[in-house]
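In: fold the stuff below for me.
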Amino acid sequence: MKLSSILTALTTVVSTALAKNIVLTNDDGWASTEIRATYRSLTQAGHNVYLVAPLEQRSGFGGQFVFSYTNTLLHDDQFHFKKAGDPAWGHEPNDDHIWYFNATPAACVGFAFDYLIPTYFSNVSIDLIVSGVNQGLNLDDSMFTISGTIGATYNAIYRGHSAIAFSGSTSNNSFYKDSLNEDSNDPANIYASKVVELTSKVFESQGENERALP
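Out: Got it, this is the predicted structure:
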């Protein structure tokens, strides 16, 4: 066997060994550019990603567990992507790993673990919850109780799962169909690459431990 073939085989084995099951959420909405860029990058890195995020902007809700009291939407979302009368939860027609729920980030975490994963994904074991990348820095100490991005993570941790939140300095609030691109210098793509970089370090450090994080 050629050396190049051996190296390719070894790379495949290593990549497969580090491929993990990740729940991805945020507080800026499932259709925001940042979360779609992050989903794409984590998926391209070989991870099995379940995007479960609010229908629209839910910043500032902290860990509040608030969700729709109707089965259908009462108004259009912020980008008019989903319309009044559409289901209060659903997935992209061409990707059943990308879901929205008309709820806060914390409730989206509950929705993922109590409904989606048991119902549609054979109760697969989740290795890590990634929240973000948030549009805004979340640097103040009070953000622990205010930030919906962080609220999603501590609700996941209460459930016994490892979780990590990411925030960035831009606040563009853009629709992925308008702004998602392949430019490596685009902030959303820079953030996404950093998410992959840091989560890879976490998984590499996990070794034989049961949990990705303490």
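
In: I'd say residue 27 and residue 107 touch.
Out: No - using Cβ atoms under 8 Å, residue 27 makes no contact with residue 107, being 11.2 Å away. All C-beta atoms are positioned from the backbone trio N, CA, C, and that covers glycine.

In: what about these two, which has more around it?
Out: residue 27 (31 against 24; other Cβ atoms under 10 Å).

In: how many other residues sit next to the closest residue to the more buried one other than its chain neighbours?
Out: Nearest residue to residue 27, sequence neighbours excluded (Cβ to Cβ, 6 or more residues apart in numbering): residue 148, at 3.0 Å. Other residues lying near residue 148 total 28 when counted by other Cβ under 10 Å.

In: most centrally placed residue in this structure?
Out: Central residue of the chain (Cα atoms, centre = their mean): residue 24, 1.8 Å from the mean position.

In: doesn't it belong to a helix?
Out: No - read with DSSP: H, G, I helix; E, B strand; the rest coil, residue 24 is strand and lies in no helix.

In: any idea what it is bridged to?
Out: With DSSP bridges as the criterion, residue 24 is bridged to residue 51, residue 130.

In: look up how far residue 196 lies from it.
Out: Distance of residue 24 to residue 196, computed by Cβ to Cβ, to the nearest Å: 12 Å.

In: what do these two both touch?
Out: Residues touching both residue 24 and residue 196 (Cβ atoms under 8 Å, 6 or more residues apart in numbering): residue 42.

In: so what does the top helix by length along the chain touch, helix or strand wise?
Out: What stands out as the longest helix in the chain, according to DSSP state H, is helix 187-206. Applying 3 or more Cβ pairs under 8 Å, 6 or more residues apart in numbering; DSSP states H and E, we find helix 187-206 packed against helix 3-18, helix 33-44, strand 128-135, strand 163-168.
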